[in-house]
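Trainee: pasting the sequence and the predicted model now:
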Amino acid sequence: MTLTYKKTGVDIALADKLVDFLQKKSPAIGGFSGLFPIPADGGDPWRLVACTDGVGTKLKLAFALDRHDTIGIDLVAMCVNDLITCGARPLIFLDYYATGRLDLKRSKRIMTGILEGCRQGRSLLLGGETAEMPGFYPPGEYDLAGFSVGIVKRSEVIDGSKIFPGDLILGLPASGLHSNGYSLVRKVFSDRELKSWGPRLLKPTRIYVEQIDRLAAGLRQQGGIILGLAHITGGGIVENLPRVLPKRCRAVVERSRWTVPEIFGEIRRRGRVPEAEMWRTFNMGIGMTAVIRPGTLALARKLLPEARLIGEIRAGKPEVVLR
């Protein structure tokens, strides 16, 4: 049987329709994070930035393997990586942890992961909520949600509006699957196989706060800027990169510019997943993309040696063309 994300119960297109509905009701919604003006001295030079996310069904793998020490890193990563796409500096983080019955040892491991994620994401764990709800969750299971808040100067907001044809697209390597596509993964691997592949599948989502801050600061010192940032999560490059493109631009991405990690090929073979579905479901080895001016490429490579030049901006409608 050929597997797709929709067949495993995740309908991305339907979720997009819900987002469209919400955007009509609340126009501030739509980016990777939301921005709110902070008045100061009669003006609004700052923007308060906030976003929220969870870990998804990657939690099911943590339950099956009884490994809970890194899932908190995933939680913070999914939030702060969204937050920084508009140029924001993370400030604080809050968590929501819900379970049927509190297991103190397991809970400490979860919270240790969240604290490590906050360290990597330069955020202060300001508070949260631990909800014990008997009978609501199966024994041994729990759910996590996170909330990240940051700040950015109005003049330094990254919104993609300055992107033009000819600009370049950099890709920052992912650490693995990050925290998307696990509903499909759990259909591809048997329970026994999940245990042997578990360490690779549970590798925590990479946090890009330090790298993006270094890139932004370094470019700014030389009169350059980051033009657009896209966190590659559910929907892959093909659905996330267009979120930062202006109406006049499309992105041409060269798949030969980086090596797709072997785990994605394994998933594709085992599930007979169509290639287009793989690119629409997984990050395929790129966890964050940055759009820059061609004249800043050498400096960007010096600042981030691991970054790959994966494509460029061309004239057209806001979409991704994979080559």
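Mentor: Okay, I see it.
Trainee: so how far is the longest helix anywhere in the chain from its chain's centroid?
Mentor: Assignment by DSSP state H gives helix 104-120 as the longest helix of the chain. Centroid separation between helix 104-120 and its chain, computed with C-alpha atoms, centre = their mean, to the nearest Å, is 19 Å.
Trainee: list the buried residues for it?
Mentor: Residues R106, R109, I110, M111, G113, I114, L115, E116, G117, C118, Q120 are the ones in helix 104-120 that count as buried (16 or more other C-beta atoms under 10 Å). Quick note: C-beta positions are derived from backbone N, CA and C, even for glycine.
Trainee: packing partners of that helix?
Mentor: Here helix 104-120 touches helix 71-83, strand 89-99, strand 124-132, strand 142-153, going by 3 or more C-beta pairs under 8 Å, 6 or more residues apart in numbering; DSSP states H and E.
Trainee: any chance of those in TSV, plus mean neighbour count?
Mentor: Converted to TSV, the helices and strands packed on helix 104-120 look like this (neighbours: other C-beta atoms under 10 Å):
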stretch	mean neighbour count
helix 71-83	28
strand 89-99	20
strand 124-132	14
strand 142-153	21
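Trainee: the inter-axis angle of the longest helix of the chain versus strand 89-99?
Mentor: 170 degrees (axes from the mean of the first three to the mean of the last three C-alpha atoms, to 10 degrees).
Trainee: and for helix 104-120, what's in contact with it?
Mentor: Helix 104-120 is contacted from outside by 68-77, 80, 93, 95, 97, 99, 124-125, 130, 142, 144, 146, 204, 207, 209-210, using C-beta atoms under 8 Å, 6 or more residues apart in numbering.
Trainee: gap between the two ends of stretch 117-125?
Mentor: This stretch, stretch 117-125, spans 10 Å end to end (C-alpha to C-alpha, to the nearest Å).
Trainee: before we move on, what SS does K162 have?
Mentor: Under DSSP: H, G, I helix; E, B strand; the rest coil, the three-state class of K162 is coil.
Trainee: neighbours of it, how many?
Mentor: 14 (other C-beta atoms under 10 Å).
Trainee: what's near enough to touch it?
Mentor: So K162 contacts I225, L227 (C-beta under 8 Å, 6+ apart).
Trainee: among the helices and strands packed on helix 104-120, which comes closest to E312?
Mentor: helix 71-83 (23.2 Å; C-beta to C-beta).
Trainee: and the angle for that closest one with strand 89-99?
Mentor: 140 degrees.
Trainee: tell me the mean pLDDT for helix 71-83?
Mentor: For helix 71-83, mean pLDDT is 98.
Trainee: let me see the ranges of the strands in the stretch 201-323 of the chain.
Mentor: 228-231, 249-253, 286-292, 308-315, 320-322 (DSSP state E, counting those that start in this stretch).
Trainee: who touches the third one?
Mentor: It stands for strand 286-292. Under the contact criterion C-beta under 8 Å, 6+ apart, strand 286-292 has outside partners 81, 160, 163, 167-175, 178, 205-206, 208, 211-212, 215, 219, 224, 226-232, 237, 240-241, 244, 258, 300, 307-308, 310, 313.
Trainee: buried subset of those?
Mentor: 81, 160, 163, 167-175, 178, 205-206, 208, 211-212, 215, 219, 224, 226-232, 237, 240-241, 244, 258, 300, 307-308, 310, 313.
Trainee: tell me, how many residues neighbour the residue nearest to I212 when sequence neighbours are not counted?
Mentor: Spatial nearest neighbour of I212, excluding adjacent residues (C-beta to C-beta, 6 or more residues apart in numbering): I84 at 5.1 Å. Applying other C-beta under 10 Å, we find 32 other residues in the vicinity of I84.
Trainee: residue contacts, I84?
Mentor: So, once contact is read as C-beta under 8 Å, 6+ apart, I84 ends up touching P90, G150, Y208, V209, I212, D213, L229.
Trainee: what do you get for A174?
Mentor: With the criterion set at C-beta under 8 Å, 6+ apart, A174 makes contact with R206, I232, P261, N283, G285, I286, G287.
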